[in-house]
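Q: Okay, predicted coordinates and the sequence, questions at the end:
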Amino acid sequence: TVFNPLLKGFKPQQIAATELNGNTRDGVIHFPNIRTSTLWGQVHDEKAFYSMGGVSGHAGLFSNTGDIAVLMQTMLNGGGYGDVQLFNAETVKMFTTSSKEDATFGLGWRVNGNATMTPTFGTLASPQTYGHTGWTGTVTVIDPVNHMTIVMLSNKPHSPVADPQKNPNMFESGQLPIATYGWVVDQVYAALKQK
């Protein structure tokens, strides 16, 4: 799990590519020095790339399901994994408590506190569920009541823009059911309930 993986010895082939035509949304958006080739191993978010050197709290962290599974299990365990204690249960509570300004935000996590996060967490997750999404098609779901986690890593913008003139941010793959995180999460819950 790293920022700027190409500067840390990773090869592009080890990383899922994101947008096909840089940040141009299939040639609709233009500004000086805009990236125009397929984004591969670089943070997709324009602000993080152009003004933050690829390191940001909101974008640019590259990982894999194994590393994310460890983080998610650490959260379920109250801050520890194996023999390592990264933080205590009070810190986990601080991370996952709804903010006063917006009940769907914790500290670094989205929370299902007022059950309005069905687009992210689906209809079957417990009210205590929390997680994180990414614009490029990623979602993590941590449900402490059901002792389960879900991680989905996709590369949603790695498809043509559906109608660049109408909405340059709607990719063809964004119209598929898998792009609706809550639907995917509900499929996992439903499959587990059948067992």
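A: Noted; the coordinates are in hand.

Q: got the contact list for the top helix by length along the chain?
A: Counting residues, the longest helix in the chain under DSSP state H turns out to be helix 181-194. Outside helix 181-194, the residues that touch it by CB atoms under 8 Å, 6 or more residues apart in numbering are 117-125, 133, 139, 141, 146, 148, 150, 152, 177-178. In short, each C-beta sits where N, CA and C put it, glycine included.

Q: Swap in 7 Å and give it another go.
A: Residues outside helix 181-194 that contact it (CB atoms under 7 Å, 6 or more residues apart in numbering) are 118-125, 133, 139, 141, 150, 152, 177-178.

Q: what does stretch 4-13 give?
A: For stretch 4-13, contacts defined as CB under 7 Å, 6+ apart pick out V2, I15, W40, G41, Q42, G54, V55, F62.

Q: Show only the entries of these found in strands.
A: Judged by DSSP state E, strands contain the following of the contacts of stretch 4-13: V2, F62.

Q: For D163, state which of the contacts of stretch 4-13 is nearest.
A: Nearest to D163 among these: W40, at 24.7 Å, using CB to CB.

Q: Now do the SS call for the residue of the chain positioned farthest from its centre.
A: Distance from the C-alpha centroid of the chain, by CA atoms, centre = their mean, peaks at P32 (28.4 Å). What DSSP: H, G, I helix; E, B strand; the rest coil gives for P32 is coil.

Q: With P119 instead?
A: helix.

Q: so who does it touch?
A: Residues near P119 by CB under 7 Å, 6+ apart: Y181, G182.

Q: Just to check, Q128 is in contact with P144?
A: Yes. Using CB atoms under 7 Å, Q128 is in contact with P144, at 5.4 Å.

Q: Run a quick neighbour tally on the nearest residue to G108 once chain neighbours are set aside.
A: Spatial nearest neighbour of G108, chain neighbours left out: F95 (5.9 Å); criterion: CB to CB, 6 or more residues apart in numbering. Counted with other CB atoms under 10 Å, residues neighbouring F95 total 16.

Q: does F95 really touch L107, like I thought?
A: Yes. Counting by CB under 7 Å, L107 is a contact partner of F95 at 4.9 Å.

Q: what is in contact with these two at once?
A: Counting by CB under 7 Å, 6+ apart, nothing touches both F95 and L107.
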